[in-house]
Every structure is written in structure tokens, then in C-alpha cells.
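Colleague: From the sequence below, what's the structure:
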Amino acid sequence: MHAIVIPAYGDSSVLEYAERPDPEPGPGEVLVEVAATGVNFIDVYHREGRYPLPLPLIPGSETAGTVTAVGPGVTDVVPGDRVASASAVGAYATKAVIPADKAIRLPDGLSPDLAAAVMLQGLTAHYLTHSTYAIRSGDDVLVHAAAGGMGLLLVQMAKLRGARVIGTVSSAEKEKLARQAGADEVVGYEGFTDAVKEITDGAGVHVVYDGVGAATFDGSLASLRPRGMMALYGAASGPVPPFDPQRLNAGGSLFLTRPTLGHYTATREELLSRADDLLGWVASGAVKVHVSQRYPLAEARRAHDDLEGRRTTGKLLLTP
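Modeller: Numbering: from 1, shown residues only. You can find the predicted model right below:
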């Protein structure tokens, strides 16, 4: 098979397009012929060594394709099934292994491209809006990077739950996308805290969904109303420096959480429940997935550069 290999941690130049032996599914695993793979910031963190994994490494966890073989003990998935997962092993490749208990069968009519584009970010947006902070009708919600792949999904799911959504963006083009997704108000990053306070008549928002990290952290805390929650789910601008928890008290008995998908899909039942909601919404059109760029697998370096350079909107896909 062909794959993208990381021999050493570093910038995008370490991504190498190479031939590798086909993987074999072990006990409890399935092998898929990859149709498309999602590009995510977690892949960048793995490439940089921020979240270290053993090297050499084939990155990528979000993918969709057709099952070609199953390992011992697998009975729920059979060759020929179309599946997607946010927990694949080595998805930047033409073939990848998925733990069978993390493989989700695709509904009829849902393309593998859309499934690969929505699994990781869609499941994340689901747990953030339904569990980490379960949005109630009438809540005020701040979504950073509202025109990105995650942001567009968060905006749509928050609107499904009846929220008033304020989004931050960095350009007029991105403002248009955020509004099309349902954002009620869209502001720039400069002075966003003041804008939020003005929109909410000084009260602040009930929850901030922040995947930007260092650059927005202080302003996000200052945008919350008393007993509001900040869900810090990423660090696109860099990790947040250590801070004094007393700031949460001074800000109004605030809540701060740093969740991760694995803890919100800890059982097969929970994963299937979230995936059924998500893929059902996508299949029906209730949630729209914006795929902005498709790159040949061999051009993974360009995909990473575009993602890190914030030159993209929506979702990026690699296609074999």
C-alpha cells in the first residue's frame, strides 16, 4: 500500500509518501480499503510530537472505506460493509486498520467522503453540545473559529438545541460561512469579549467552545456569565500557559474543562448513540458538512500547511 510516514517529529516536511506492507487485522480489528481520510489538528500534534506516539508513524485516525478483511473474533462487521471511524490506526494510507468496536456502519446513501469528513469533528461537536455542556433552548453560546470544520458543526448543533450562537471569524468570507451555518452574530477576534458583552447586554455567554487555545483563552473566560463553562477542546494557536484557578472564582464561579472524545465514547453503546444522531442528521441534511479541500494522499504536506496557516474553511480530506 501507499502511506504517509512520519520518521521523526517536526514540521510538515517530515511527512513522507512511501510504500509500506499491507497491514493485517488482528483480533477484534477490521481492515478497510480507504475511500477518504480527514485531516485534523490532532494529526499535526502527533507530527510535532506534542502528543508523542512511537516512530516511525503513519498518522490519521478519521477515515471511511470498505471492509476487506476481519480479524479473529469479529462478528458484527463483515467484508463488504461500508464503515467509518474516528479511531483508525494509520489512516493516512490506502489501507488502514480499525478496531471493530469503533467501526460505524454507514447509512444507505451517505457517501464515504462525507462520513470521513464528519466522524471526528462531528462526534466531538456532539459530546460538547449534548454532554460537556448540554445546551438548553435560549442559551447564549460562543463558538470560536466558527467557519472551521469544527466550528461549522458546533454552530449547527447549538442551533438544533435552540441556542443563540455568537461566532468568531477572521475574514468576511468566513463570516458568510458562519452565518450560513446558522450563527446569529459573527464578530472578529479583536475585541471579541467586548462584542459578546454588548450582544448579551452585559451578561456574558453560558458556554464558550474554544479550540483555539492560547490566543483566545483569557478573552473566553472573560466572556462567560457567572457559573458559565469554558470547554477548551483544542489548541490551534498553541497550548494555554499555566494559570491560577482562583481566576475561576473571581470570574463568577466559572467552570473550565478540557475534554477528549475517548472519554465521551467510552462504551460501544455511547459511541453508537452519538454516531446514530450524527450520521442521521448528515444523511437527512439537518447538519451540512462543508468539505473545502480534497488533496491526493501524496500531498499531505500541503494539507497540513494549509490547515496550520488558517488558509482553509470547513473540512480537509485526503483521497487515495
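Colleague: can you count the residues close to the residue nearest to I199 when sequence neighbours are not counted?
Modeller: Closest residue in space to I199, ignoring its immediate chain neighbours: E185 at 5.3 Å, by Cβ to Cβ, 6 or more residues apart in numbering. Quick note: C-beta positions are derived from backbone N, CA and C, even for glycine. E185: 19 surrounding residues under other Cβ atoms under 10 Å.
Colleague: ok, E185 touching A163?
Modeller: No: taking contacts as Cβ atoms under 8 Å, E185 lies outside contact range of A163: 11.6 Å.
Colleague: circling back to that earlier point, next one: the residue nearest to I199 from R258, what distance?
Modeller: 26 Å (Cβ to Cβ, to the nearest Å).
Colleague: Same check on A116?
Modeller: Counting by Cβ to Cβ - A116 and R258 are separated by 26 Å.
Colleague: which of those two has more neighbours?
Modeller: Each of A116 and R258 has its neighbours counted (other Cβ under 10 Å); A116 has more, 30 against 11.
Colleague: What strand or helix carries the more buried one?
Modeller: Taking DSSP states H and E as the criterion, A116 maps to helix 112-127.
Colleague: most centrally placed residue in the protein?
Modeller: Q121 (2.6 Å; Cα atoms, centre = their mean).
Colleague: could you list every residue that touches that residue?
Modeller: Contact analysis of Q121 by Cβ atoms under 8 Å, 6 or more residues apart in numbering lists G38, N40, G149, M150, L153, K315.
Colleague: Show the buried residues in the residues you listed.
Modeller: Among these, the ones that count as buried by 16 or more other Cβ atoms under 10 Å are G38, N40, G149, M150, L153, K315.
Colleague: which of those lies closest to L254?
Modeller: M150 (22.1 Å; Cβ to Cβ).
Colleague: Need phi/psi at Y133.
Modeller: Torsion angles at Y133 (phi, psi; degrees, to the nearest 10) stand at phi -130, psi 110.
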